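**Student:** no sequence on hand, only this structure:
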């Protein structure tokens, strides 16, 4: 019996932000022989650890003093202030990695929060996004500017 790659190994070799999630999962199923649930869960773990986690794991962990009762202003803002949530997440975008707008919204956990569309469409965040082929992509401002100057993004 030949050794087959695990779905995580397959994603490490074949991941491209240009390909859709579903296309990558279907290709993983056909090439690794694993079922859909295994490849779907492996994709999620791969994205969290290798795409998003790279920037998150390098940040120093600081211990904040908890109030005697209640929650801190930062905790409250992190839960309900959409602009605060988006500003926090755009700072973590990596150069050379492009997220589609639905992926960015999912990263920020904004679904179900009323008014998020007005915030992400604000001009303050225009440096973090560009449009190509009818899709909006979010990335580090240097990456967006590079692709805009090359005419790939508008």
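**Tutor:** Nice, I can see it. Given the structure is predicted, the values throughout are model-derived calculations rather than measurements.

**Student:** all strands for this protein, in order.
**Tutor:** 99-100, 129-132, 135-138 (DSSP state E).

**Student:** name all residues that make contact with the closest residue to residue 16 other than its chain neighbours.
**Tutor:** Nearest in space to residue 16, with sequence neighbours left out and distances taken as Cβ to Cβ, 6 or more residues apart in numbering, is residue 24 at 7.9 Å. C-betas here are computed from N, CA, C, even on glycine. Applying Cβ atoms under 8 Å, 6 or more residues apart in numbering, we find residue 24 in contact with 11, 14-16, 43.

**Student:** any regions of the protein where pLDDT drops low?
**Tutor:** 1-3, 52-68 (pLDDT under 70).

**Student:** one more time with 90, if that's ok
**Tutor:** 1-87, 91-93, 107-126, 154 (pLDDT under 90).

**Student:** do I have it right that residue 93 meets residue 144?
**Tutor:** No - using Cβ atoms under 8 Å, residue 93 is not in contact with residue 144; the gap is 9.2 Å.

**Student:** now do the shared contacts for these two.
**Tutor:** residue 128.

**Student:** would you confirm that residue 95 contacts residue 144?
**Tutor:** No - contact criterion Cβ under 8 Å: residue 95 and residue 144 do not qualify, at 9.7 Å.

**Student:** okay, helices next: where are they in this protein?
**Tutor:** In the chain, the segments counted as helices under DSSP state H are 7-14, 21-32, 36-46, 53-57, 73-80, 82-90, 101-108, 116-120, 141-149.
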